[in-house]
Structure formats: C-alpha cells, structure tokens
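Participant: generate a structure from the sequence data that follows.
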Amino acid sequence: MTIGQEFLKELSLESAVTRRYLERVPFEKADFKPAEKSEALGRLAIHVAEITAWWTSCVKDDKLDFIHFEPKEIHSTEELLAYFDELLAEAKQALSDAKDEEFDKEWSMTYGDDVLFTLQKKQVARLFCMNHLVHHRAQLGVYLRMLDVPVPAVYGPSADDEEVILVRPF
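Facilitator: So this is what the prediction gives:
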C-alpha cells in the first residue's frame, strides 16, 4: 500500500465524522462566537470544509499561497456539504494517484513572498492536513454544544450520539 493510500484510508474515516459535524451546522446562527476573540461559527465551519483542499495541494503542488485567498461564501448547510464533498473527492483522487516519492518532497505555506513554513510533504499531510482538521472539528463540536446542537460521536460515543463511525470496517 502506498503512503497516499494509507493517508486516504485515514482521511476517509475522518471525513465521515467531519461530514456529520458539518451536517449539523445551523447557518441561521453563523455569526455565533463563544468569545469575542473566537471565529464565527459560519467561518469556522467553512474552514473545516476547506482544510480538505490542502490534501490536494500537498500532493500536487510545492506550496499553498494565501496572498489572494478569499474564503468561499457559503450561506447554508447544503452549500457547505456540497463544497466539502467536492473538495473531498479531489483530495481522495490526489491521494489515490500519489507516488510515495512525492511525500519526500518539500512543501511550503506562503503569503506572497513570505514563507510561513516549509516541511516535507509527509509532515504536512499529518500536521497541517489531518491534525489541523481534527483540531478545528473539535472546536466546531464545542460551538455545537454551546448552541445545544447534538454533537456527533467521534472516536467513541458522545453524550448525544452512540453511532461511532470509526470502528466500522473499511
């Protein structure tokens, strides 16, 4: 099994959980912030979806430049899910096609000429594609809890949900 296929297995499992979180985002409360310094619910939910595009960039490109980045305008849960599904299909294809040697190459996150970091793609995939997603999905769970929206199970049951997706066979 290739490195890309290994990451694909993990991404597939995590994406099933992530989609369940995104399904529950109440866009009528998109401006909700648990604290003044916090990101708004709608922007956080879009960020959780858009992180999925980083997999494709990591595999296919040498960098991701945020100089002209504009977050996608999304105003409903349906739009959010369609966006996530589109990015996920692209990421899955990129990981399916990736050669092992691609993950040994370096990749940078930049803002124009400013290099924010450069790491080996294997590290980028783990730290900035997967771990970053899990981190922000957990934040989204806190927002949902504060809004009294049932929080989906992740690696074990939640107080609201017994359905644990990750223990199902691939």
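Participant: ok, the residue of the chain most remote from its centre to Asp65 distance?
Facilitator: Distance from the C-alpha centroid of the chain, by C-alpha atoms, centre = their mean, peaks at Asp113 (25.5 Å). Going from Asp113 to Asp65 by C-beta to C-beta, to the nearest Å gives 10 Å. All C-beta spots, glycine's among them, are computed from the backbone N, C-alpha and C.
Participant: same check, this time on Gln5
Facilitator: Counting by C-beta to C-beta, the gap from Gln5 to Asp65 is 28 Å.
Participant: which stretches of this protein form helices?
Facilitator: All helices of the chain, identified by DSSP state H, fall at 3-23, 41-50, 52-60, 77-97, 121-124, 132-146.
Participant: quick one, what contacts Val115?
Facilitator: By C-beta atoms under 8 Å, 6 or more residues apart in numbering, Val115 lies in contact with Ser108, Met109.
Participant: turn the helices of the chain into CSV, columns for distance to Asp104 and mean pLDDT.
Facilitator: CSV is the format used below for the helices of the chain (distance: least, C-beta to C-beta, whole Å; pLDDT from 0 to 100):
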stretch, distance to Asp104, mean pLDDT
helix 3-23, 9, 96
helix 41-50, 26, 98
helix 52-60, 12, 96
helix 77-97, 15, 98
helix 121-124, 7, 96
helix 132-146, 21, 97
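Participant: got CSV for these, with distance to Gly156 and mean neighbour count too?
Facilitator: Converted to CSV, these look like this (distance: least, C-beta to C-beta, whole Å; neighbours: other C-beta atoms under 10 Å):
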stretch, distance to Gly156, mean neighbour count
helix 3-23, 11, 18
helix 41-50, 20, 22
helix 52-60, 24, 22
helix 77-97, 23, 17
helix 121-124, 28, 20
helix 132-146, 13, 17
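Participant: done for today, thanks.
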